[in-house]
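Peer 1: based on what follows, work out the 3D shape:
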Amino acid sequence: MDGHAGTGEPGGDAERFRTFRGRFGTPVAYGLALLSAGGCAFVALSATGQGADTANRVAIIVFGLLGGLIAWRFGAVRAEPDPEGLTVVNYASRRRLAWPEIVTVRFGSGDPWVHLDLADGDVLAVMGIQRADGEHGMAEARRLVALVRELGEAPDPH
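Peer 2: As a prediction, the model looks like this:
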């Protein structure tokens, strides 16, 4: 460990184990969730005239809430590193990995997000590190590679 470990200084554990999440996608998704739910509720409650009966109002509110829930899930994607491993939270799944389970980190030029090759042969997308974030996304991918190298590789027996 370096001299800054656990102090919260740059280069310390606080920075190394900072959560990976989309820089732009996350706030946009959360804003869209609020706009969907709030906008549909406003329309449903302020509508007048023919078709503004209770069933239609409820349907519009439910539609807005479902749209908001889906957008909220898009905003919740992240990867949470800690000294023992990585928890990957994607749209519909959550998976906990120990560092040695991660064989390689890939971020090919056509990939929208990072992919992990795992020891069991699976490939896991890490949607919290996104190409849409440009250089920030690339820097986050490099930070994940450094963590995997430091904490995941078994010692060479030779």
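Peer 1: the helix-or-strand element of the chain with minimal mean pLDDT packs against which elements?
Peer 2: Lowest by mean pLDDT, DSSP states H and E among the helices and strands of the chain is helix 13-16, with a mean of 84. Contacting helix 13-16 under the criterion 3 or more CB pairs under 8 Å, 6 or more residues apart in numbering; DSSP states H and E is no other helix or strand. Any C-beta I mention is one placed from the backbone N, CA and C, and that applies to glycine too.
Peer 1: quick check: next helix or strand after it?
Peer 2: The C-terminal neighbour of helix 13-16 among helices and strands, as given by DSSP states H and E, is helix 25-46.
Peer 1: tilt between the helix or strand following that next one and helix 25-46?
Peer 2: Remark: after helix 25-46, the chain's next helix or strand is helix 54-75, criterion DSSP H and E. Angle between the axes of helix 54-75 and helix 25-46 is 170 degrees (criterion: axes from the mean of the first three to the mean of the last three CA atoms, to 10 degrees).
Peer 1: state the mean pLDDT of helix 54-75.
Peer 2: The average of the pLDDT scores along helix 54-75 is 95.
Peer 1: list the buried ones in the helix or strand following it?
Peer 2: Toward the C-terminus, helix 54-75 is succeeded by strand 78-82 as the next helix or strand (DSSP H and E). Across strand 78-82, burial judged by 16 or more other CB atoms under 10 Å covers 78, 79, 80, 81.
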